[in-house]
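Novice: Give me a model of this one.
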Amino acid sequence: MKFSGRTVLATTAAVAAVAAAPAVAASTPAGQTPVQILQAGADLGTREGFPGVIGLVRNGDDTQYAKAGLGDTGKAVPADPKAQVRIGSNTKAFTAVVLLQLEGEGKLSLDDPVAKWLPGAIHGNGYDGTKITVRELLHQTSGLFDYLSDPGIQNSWLTDANKAWAPQALVDAGLAHPPTGKPGEKWAYSNTNFVLAGMVIQAVTGNAPGAEITTRVIERLGLHGTTFPADPQLHGTFLRGYFIPVLGPLKDVTASNVQIVGAAGAIVSTMDDLATFERALVTGQLLQPRQQQELKTTVPTGKPDVGYGLGIGTMKLPCGKQAWTHSGGVLGYNTTWLTSDDGKQQTVIAGNEYNLKPGKGSEDISTALVNAQCAI
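Specialist: You can find the predicted model right below:
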């Protein structure tokens, strides 16, 4: 799962670097509306390998949709832009909101060392939980190795949807690898940070992070198509998710191990709900003013015009607009969003495939997303 500075859809769980992202097209197709631009990109994406692509353009109270390809290849069901998908690392903003709310309530400080709440959770191999803060977890500057880059974790994720994973076991898989840097030294994307963030939520509240996210964010905003799932199956109306192996046919991976991503990427949502959440997030509807400022305080990512706040990123688009953004890739699904700072201009796009190699299909979708946002 990843945040991408080009807003390209994530293609692997192991690669999460803004530096790997090429620039998108700067031009906006003349004479096309934003939704027409997004639709053209969705059409091209399905021609280049995505089974299905869905998208949304929201300008104020007006919402329009794009759709192409199939939501279920076995039954030839068209992709439904109002169906549920797994949103992967877009979960991170939900997790960050809960911690920011807890700080606003005086229950913790983001500058607390992680060891204050999770003594012994970060230890050995050059790691020290007394020197890493909660803020550094959310800023992705902790130096913690990404456990989803561990081959054993990747293999389990691909082969066993029902394996039980304790969060600490995931953290330990990351700690088995050397640090990517000293705490606070540099930005390096790691899902380990947000598994630990979820563990801090539970330590502070006594409740699982999914329960806190549900009551504090999902129910508060009335996100009826959004859940923090407890089992591998999807329920209701959803796009089926697929994986393209190196060899062999398309594989259905709709049922997926949610414990292996947890507070870093387990949430299931819809394009509408995700846009509603984004708008509430960037306009301060979920946080007190001080915490809203913290949310939007960014650190450099190593790529020009791209910064990372607390669970969300910001980027300057080729047309000159600034947008808040994040992307998420989990087995079967890729989702990316862009939202203006006032929350009025929004685009979201998702594909129901996980392992499509970087190339024309991904570039077509990402370019369409950016150009549609620029055209609003």
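Novice: residues near Lys321, how many?
Specialist: 16 (other Cβ atoms under 10 Å). Every C-beta, even on glycine, is put in place using the N, C-alpha and C of the backbone.
Novice: Next, work out how far apart the nearest residue to Pro113 once chain neighbours are set aside and Ile122 are.
Specialist: With sequence-adjacent residues excluded and distances taken as Cβ to Cβ, 6 or more residues apart in numbering, Pro113 is closest to Thr130, at 5.0 Å. From Thr130 across to Ile122, the span is 9 Å (Cβ to Cβ, to the nearest Å).
Novice: Over to Gln101?
Specialist: 24 Å.
Novice: more neighbours, the two?
Specialist: Ile122 (26 against 19).
Novice: what secondary structure does Ser89 sit in?
Specialist: helix (DSSP: H, G, I helix; E, B strand; the rest coil).
Novice: For burial, what's the neighbour tally of it?
Specialist: Neighbour tally, Ser89, other Cβ under 10 Å: 28.
Novice: go on, Gly361?
Specialist: 22.
Novice: just Gly120 next, same as before
Specialist: Gly120 is flanked by 8 other residues according to other Cβ under 10 Å.
Novice: what does Arg135 give?
Specialist: Arg135, neighbours per other Cβ under 10 Å, totals 20.
Novice: Looking at it now. What's its pLDDT?
Specialist: Confidence at Arg135, expressed as pLDDT, is 99.
Novice: My guess is it contacts Leu108. True?
Specialist: No: assessed by Cβ atoms under 8 Å, Arg135 is found out of contact with Leu108, at 10.7 Å.
Novice: show me what contacts Gly351?
Specialist: 9, 45, 50-53, 333-334, 365 (Cβ atoms under 8 Å, 6 or more residues apart in numbering).
Novice: In strands only, show me the residues you listed.
Specialist: Residues of the contacts of Gly351 located in strands (DSSP state E): 52-53, 333-334.
Novice: Stretch 318-325: end-to-end distance?
Specialist: 14 Å (Cα to Cα, to the nearest Å).
Novice: list the buried ones in that stretch?
Specialist: 318, 321, 323-325 (16 or more other Cβ atoms under 10 Å).
Novice: As TSV, those residues with pLDDT and distance to Ala83 would be great.
Specialist: Shown next, in TSV, are the buried residues of stretch 318-325 (pLDDT from 0 to 100; distance: Cβ to Cβ, whole Å):
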residue	pLDDT	distance to Ala83
Pro318	96	30
Lys321	97	29
Ala323	98	25
Trp324	99	24
Thr325	98	22
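Novice: Give me the subset of the residues you listed that lies in strands.
Specialist: Going by DSSP E, the strands hold 323-325 from the buried residues of stretch 318-325.
Novice: measure Ala372 to Asn191 for me?
Specialist: In terms of Cβ to Cβ, Ala372 sits 28 Å off from Asn191.
Novice: how about the residue nearest to Pro113, phi and psi?
Specialist: With angles defined as degrees, to the nearest 10, Thr130 sits at phi -80, psi -10.
Novice: Flag every buried residue along stretch 325-341.
Specialist: Of the residues in stretch 325-341, 325-340 count as buried by neighbour count, 16+ other Cβ under 10 Å.
Novice: ends of it, how far apart?
Specialist: Stretch 325-341 end-to-end distance (Cα to Cα) = 10 Å.
Novice: do stretch 325-339 as well
Specialist: 6 Å.
Novice: coming back round to it: quick check, nearest of the contacts of Gly351 to Ile87?
Specialist: The nearest member of the contacts of Gly351 to Ile87, counting by Cβ to Cβ, is Tyr333 at 7.4 Å.
Novice: Which residue comes closest to that closest one once chain neighbours are left out?
Specialist: Nearest to Tyr333 is Arg86, by Cβ to Cβ, 6+ apart, at 4.3 Å.
Novice: For the one you found, report the pLDDT, please.
Specialist: Looking at Arg86, the pLDDT reads 98.
Novice: Now do the shared contacts for Thr130 and Ile122.
Specialist: Ala115.
Novice: Show me the helices in the stretch 101-250 of the chain, by range?
Specialist: 114-117, 134-139, 151-159, 167-175, 191-205, 209-213, 219-221 (DSSP state H, counting those that start in this stretch).
Novice: closest to Ala230 out of those helices?
Specialist: Between those, helix 209-213 lies closest to Ala230; by Cβ to Cβ that is 7.4 Å.
Novice: which strand of the chain spans the most residues?
Specialist: strand 62-72.
Novice: what packs against it?
Specialist: The helices and strands touching strand 62-72, judged by 3 or more Cβ pairs under 8 Å, 6 or more residues apart in numbering; DSSP states H and E, are helix 34-47, strand 52-59, strand 77-78, helix 271-282.
Novice: again, only this time at 10 Å
Specialist: helix 34-47, strand 52-59, strand 77-78, helix 271-282, strand 345-351, helix 360-375 (3 or more Cβ pairs under 10 Å, 6 or more residues apart in numbering; DSSP states H and E).
Novice: can you tell me how far Glu103 sits from Glu294?
Specialist: Counting by Cβ to Cβ, the gap from Glu103 to Glu294 is 8 Å.
Novice: For the two, list the residues in contact with both.
Specialist: 110, 135, 287-288 (Cβ atoms under 10 Å, 6 or more residues apart in numbering).
Novice: Mind checking which of these are buried?
Specialist: By neighbour count, with 16+ other Cβ under 10 Å, the shared contacts of Glu103 and Glu294 hold 110, 135, 287 as buried.
Novice: residue ranges with poor pLDDT in the stretch 251-376 of the chain?
Specialist: For the stretch 251-376 of the chain, the stretches flagged by pLDDT under 70 are 356-359.
Novice: Doesn't Trp337 belong to a strand?
Specialist: Yes: using three-state DSSP, the assignment for Trp337 is a strand.
Novice: Do I have it right that it meets Ser366?
Specialist: No: judged on Cβ atoms under 10 Å, Trp337 makes no contact with Ser366 at a distance of 11.9 Å.
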